[in-house]
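A.B. asks: turn this into a model:
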Amino acid sequence: MYTEEGVNFPFSHHMQAFWRERLSALAMPSAQFVKAYGADFTLGIRLNARKEIAESEIRGPTVFRRTKDVEYALFLPYDVVMSAEDKCRAAVCLIVSGIQRIADLAQVELVGFESEKDSLIKQTCCNPLMLLEPWSDRAPS
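C.D. replies: The predicted structure is shown next:
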């Protein structure tokens, strides 16, 4: 869910499930993460976007003890993505770099993520299930 009016990207719930499954398979919490939160806590990333920012922003962590979640918010620069020639690729590349930064902040290793990046980008932008509508149909706000 996007928090700023008029700001959203056409990623579907299939894309979210795909990324959640792939990242969960790669994630290895460090001893520091386990010490800080516990062995049964999971790392979550909320995707969002904002106008009038030039680069991605990360907020968090927010810790939800009841559900045992450690959550970060990744805000993509909406105007930057929407002005790109290949909007999907621009957004997904920003997601990839944001995920890497969040994993570093949270002290969670993403084993093999580097070798998976191109595949994740390609599968997200080329599989029509990943999008609610084609990026080419979206007019910049």
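A.B. asks: show me the helices in this structure, by range?
C.D. replies: For the chain, applying DSSP state H gives helices covering 13-26, 31-37, 78-83, 87-106, 113-126.
A.B. asks: export those helices as JSON lines, with columns for distance to Ile45.
C.D. replies: Placement of C-beta: from N, CA and C, glycine included. Output for those, formatted as JSON lines (distance: least, Cβ to Cβ, whole Å):
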{"stretch": "helix 13-26", "distance to Ile45": "8"}
{"stretch": "helix 31-37", "distance to Ile45": "14"}
{"stretch": "helix 78-83", "distance to Ile45": "17"}
{"stretch": "helix 87-106", "distance to Ile45": "6"}
{"stretch": "helix 113-126", "distance to Ile45": "13"}
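A.B. asks: so which of the ones you listed comes closest to Leu43?
C.D. replies: Evaluated with Cβ to Cβ, these place helix 87-106 nearest to Leu43, the distance being 5.3 Å.
A.B. asks: before we move on, back to that, which one of the helices of the chain lies closest to Ser56?
C.D. replies: Using Cβ to Cβ, the helices of the chain put helix 87-106 closest to Ser56, at 4.9 Å.
A.B. asks: for the closest one, which positions count as buried?
C.D. replies: 87-96, 98-99, 102-103, 106 (16 or more other Cβ atoms under 10 Å).
A.B. asks: and those residues, which two are furthest apart?
C.D. replies: Across the buried residues of helix 87-106, the longest distance by Cβ to Cβ is 27.9 Å; it joins Lys87 and Ala106.
A.B. asks: what about the most centrally placed residue in the chain, distance to Phe11?
C.D. replies: For the chain, the residue sitting closest to the mean C-alpha position, by Cα atoms, centre = their mean, is Ile95 at 4.5 Å. Note on Ile95: its distance to Phe11, by Cβ to Cβ, to the nearest Å, is 9 Å.
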